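Visitor: What follows is a predicted structure for the sequence shown.
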Amino acid sequence: MLRTPPKLNLDILRTVLEHAERGTQLTLMRTCHAFYQDGAKQVLSEPAWIDWRDEVGIASFLDFVRAEDGRRWPLLTGLIIGSGWIRSQLAEPLVEGIRQWSNIEYLELRHVDDFLSSHPDLVTALSTLRNVKHLKVTHAAKCCCELLERAEWQLVTAELSFATEGVGDWSMADILPRMHPAALLRSSRTSLVKLRCQFWEPASDEWNPALPVYPNVRKLEMSGIWYPATRQWVESYPNLRNLHVFATPTDQSSIHDVEHSEFRGTHERNRVALVGRCWDNLDVVSASWAELYLLGLTCRVRHLRTSGPSWSFAYLAEALEYTRPACLDIDMHGRDMSSCFPRLEDAAASLQDVEELQIKLRFHGDDSQRDIARDVVSANRCRYYTCFDPRMFLQNLAMSVLRVFAKLRVFALHIDCNIMRINFFKDPAPLTPAERSLQKLDRRALFQTVTETAPIIAAFEFEMQGVQDMGWVREKFERQIVNA
C-alpha cells in the first residue's frame, strides 16, 4: 500500500518560497493558493530584467504584473533594462507599465540608447519615476544622457559609464560638459552620497563654476581618466571622505606612450589649482603612486591604499609630500620590492606618522620557477643566500620597515600565491620551486624575529595563501605596549 507523502506546513513552504529561485517561486504560486499573493511579493522582490531578445518573456512579465487588478504594480522595486531595439507592439504596453511602477528604487540601464530610441515615450516614462534611489548606467550615450537630464530622481548612489562615440548631433564643445556627472545628476545634488564614474574624460583642466555642489557626497570613484582636474572634484564634492582613482595603465609598456612631462604638467596644474582650496583631510584614498602624484593632493590622508606597477614608484616621494598617512597599505608584485623600498626610504620624512602598515606581495604564474623567498631577502639588502633563512628574511624586512616607519605599531605581511600554479590538472601536481621556497618559512622563528627586531610593534600579522600542501596560513601576534 502506497503511503501518502508527508505534507509540509505553510511556515516551511514560506521559508522555501523566500529562498527559492524565481522559477520555483512561480511554480509554488501555481500549485498553492495560499502563496498566490505572497509569491508575487517574492517574485518581484528582485529586479526585473527587460531584454529585447526575449519578447515572449517581456509579454509574460507584463501580464504577470497586471494581474490582481493592478495591485502588483507597486511591488516591483528594481528594474534592469538591456540593449537593443524593441518593437512598438511591446514598447507601448511597456511604457504603460513603467508609468505604474511607482516604487522603483533600483534602476540599471545597459547600453540602452537603441532601446530608448524604440519609442518616443520611453524616455519620458522613465524620467517620471519618482522613487529611484540607486542608479547604474553602462555605456551612456546621447539618449541616456538626455534621460538623466530630464529625470528628477533623488539618487543616493550612482554609477555611470560613458561612451562618447554615441552622442549623435551634439557638438564637440557641448559633449563633455554636458556629460559631466555633476551636470547630469543635478536633481540629486542634495541627496547623492556615493558616485562612481568610468571612462569619462574632463573637457579641459579649467574649473567650471556652473556645475552644482553636492554637499553630501562622501565617496567618489573615478576610473579611465588619464589626466584628472582635481579642483572640479573638490568644488563639486566639498565634504568628500573616500576617494578611489583608477586612471593609469597597469602594464609596464603603457607608460612609454605618455611622456613624463605630461604627468609633470598635470601634477603642477593640480597643485597650483588646489592651493587653499583642497579638502582639509580625507579618510581613505585608493590610488597607485602615479595616480596620487597626478591628483596633486595638498591635504592629509588618514588611510592610504596604494597599488600599481613598478614604474609608478618613481612618483612616490612627491605623492606623499602632503598626504602623510597614519595607515598605509601597499599592494605590489613580489619582485617589485627591490624598487619600492629604496623609494620609501627616500620618502621617510613623509611617513613618520604611519602607525599601521600592511604589505601585500603577489606572485603569479611566471614566478613559479623562482626562489621567491631568496629573492625577497635580496631585495631587502641582505646577502643572496643559497638556502633561504626565514629568520634572516624577517629580521632584514623588519629593519627596513623600521628605518622608514619610526612610529609603527601594527604590521601585516601578506604573501598571495593564489594564481601562481601553472598546472592545476596534473595529479598529483609537483611542487614548484617557488612553493618549495615558501614552505621553508618557520612561522615560530618569524614571530620571534619580529618581536626581537621591532620591539615597538604591538601587533604583527602574517598571512600566506595559495601554496600547495600548506593551504591557507594566517597567524597573528599581539602584545601590550606599556608606556614608560
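Guide: Received it, and whenever you're ready, just let me know what you need.

Visitor: What segments of the stretch 1-150 of the chain are helices?
Guide: Remark: helices assigned in the stretch 1-150 of the chain by DSSP state H, counting those that start in this stretch are 10-19, 22-31, 36-43, 55-66, 88-100, 113-116, 122-127, 142-150.

Visitor: any residues touching the fifth one, and which ones?
Guide: Read it as helix 88-100. Applying CB atoms under 8 Å, 6 or more residues apart in numbering, the contact partners of helix 88-100 are 50, 55, 58-59, 62, 65-66, 70, 73, 86, 118-119, 121-122, 125-126, 128-129. (Glycine included, C-beta is placed from N, CA and C.)

Visitor: lowest average confidence, helix or strand, in the chain?
Guide: helix 372-379 (a mean of 49; mean pLDDT, DSSP states H and E).

Visitor: Weed out the non-buried ones from the contacts of helix 88-100.
Guide: Those of those that meet the buried threshold are 50, 58, 62, 65-66, 73, 86, 118-119, 122, 125-126, 129, by 16 or more other CB atoms under 10 Å.

Visitor: Adding pLDDT and distance to F263, write those out as JSON lines.
Guide: Below are the buried ones among the contacts of helix 88-100 laid out as JSON lines (pLDDT from 0 to 100; distance: CB to CB, whole Å):
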{"residue": "I50", "pLDDT": "83", "distance to F263": "44"}
{"residue": "I58", "pLDDT": "81", "distance to F263": "49"}
{"residue": "L62", "pLDDT": "83", "distance to F263": "53"}
{"residue": "V65", "pLDDT": "81", "distance to F263": "53"}
{"residue": "R66", "pLDDT": "81", "distance to F263": "58"}
{"residue": "W73", "pLDDT": "83", "distance to F263": "54"}
{"residue": "I86", "pLDDT": "80", "distance to F263": "46"}
{"residue": "S118", "pLDDT": "84", "distance to F263": "45"}
{"residue": "H119", "pLDDT": "85", "distance to F263": "47"}
{"residue": "L122", "pLDDT": "90", "distance to F263": "44"}
{"residue": "A125", "pLDDT": "92", "distance to F263": "46"}
{"residue": "L126", "pLDDT": "92", "distance to F263": "41"}
{"residue": "L129", "pLDDT": "92", "distance to F263": "43"}
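
Visitor: Just name the closest of these to G224, please.
Guide: Checking the buried ones among the contacts of helix 88-100 against G224 with CB to CB, the nearest one is L126 at 25.7 Å.

Visitor: who touches that closest one in this structure?
Guide: 98, 107, 116, 147, 151.

Visitor: hmm, back to that, distance to R444 for the buried ones among the contacts of helix 88-100 - can I get that in a markdown table?
Guide: Below are the buried ones among the contacts of helix 88-100 laid out as a markdown table (distance: CB to CB, whole Å):
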| residue | distance to R444 |
| --- | --- |
| I50 | 60 |
| I58 | 64 |
| L62 | 66 |
| V65 | 64 |
| R66 | 69 |
| W73 | 65 |
| I86 | 66 |
| S118 | 68 |
| H119 | 70 |
| L122 | 67 |
| A125 | 67 |
| L126 | 63 |
| L129 | 61 |
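
Visitor: These: which two are farthest apart?
Guide: W73 and S118 (21.8 Å).

Visitor: Could you check how far R150 is from L211?
Guide: To L211, R150 is 18 Å away according to CB to CB, to the nearest Å.

Visitor: next one: G97
Guide: Taking CB to CB, one finds G97 at 35 Å from L211.

Visitor: do P455 as well
Guide: Distance check for P455 against L211: by CB to CB, it reads 53 Å.

Visitor: which of these two has more neighbours?
Guide: More crowded of P455 and L211, by other CB atoms under 10 Å: L211, with 17 against 11.

Visitor: ok, the more buried one touching P181?
Guide: No: with contact defined as CB atoms under 8 Å, L211 does not reach P181; the gap is 9.2 Å.

Visitor: residue boundaries of the strands in the stretch 101-250 of the chain?
Guide: Here the stretch 101-250 of the chain has its strands, by DSSP state E, counting those that start in this stretch, at 106-110, 134-140, 157-162, 194-198, 219-223, 242-246.

Visitor: now the ones you listed as a markdown table including mean pLDDT?
Guide: Shown next, in a markdown table, are the strands of the stretch 101-250 of the chain (pLDDT from 0 to 100):
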| stretch | mean pLDDT |
| --- | --- |
| strand 106-110 | 92 |
| strand 134-140 | 89 |
| strand 157-162 | 90 |
| strand 194-198 | 93 |
| strand 219-223 | 92 |
| strand 242-246 | 92 |
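
Visitor: between the ones you listed, which one is nearest to K360?
Guide: strand 242-246 (17.0 Å).

Visitor: Where does the prediction get shaky in this structure?
Guide: Along the chain, the model assigns pLDDT under 70 to residues 1-39, 163-177, 201-207, 248-259, 364-398, 418-443, 445-446, 466-484.

Visitor: List the contacts of S310.
Guide: 252, 332-333, 336, 339-340.

Visitor: Check A412 too.
Guide: Residues near A412 by CB under 8 Å, 6+ apart: 357-359, 460-463.

Visitor: Mind giving me the PyMOL select for these, buried ones only?
Guide: Here is the PyMOL command that selects the buried residues among the contacts of A412 (16+ other CB under 10 Å):
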select buried, resi 357+358+359+460+462+463
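
Visitor: Make CSV from the contacts of A412 and add distance to W200 and secondary structure to it.
Guide: CSV is the format used below for these (distance: CB to CB, whole Å; DSSP: H, G, I helix; E, B strand; the rest coil):
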residue, distance to W200, secondary structure
L357, 34, strand
Q358, 31, strand
I359, 33, strand
F460, 42, strand
E461, 38, strand
F462, 41, strand
E463, 36, strand
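
Visitor: Same list, the contacts of A412, but as a markdown table with distance to F405 please.
Guide: Below are these laid out as a markdown table (distance: CB to CB, whole Å):
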| residue | distance to F405 |
| --- | --- |
| L357 | 6 |
| Q358 | 12 |
| I359 | 11 |
| F460 | 13 |
| E461 | 15 |
| F462 | 17 |
| E463 | 19 |
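
Visitor: Would you tell me which one of the contacts of A412 comes nearest to L243?
Guide: Nearest to L243, judged by CB to CB, of the contacts of A412 is Q358 at 18.9 Å.

Visitor: looking at it, the closest one is touching L328, isn't it?
Guide: Yes: between Q358 and L328 a contact is recorded at 7.4 Å, counting by CB under 8 Å.

Visitor: give me every residue that touches A326.
Guide: Counting by CB under 8 Å, 6+ apart, A326 makes contact with 302-303, 353-356.
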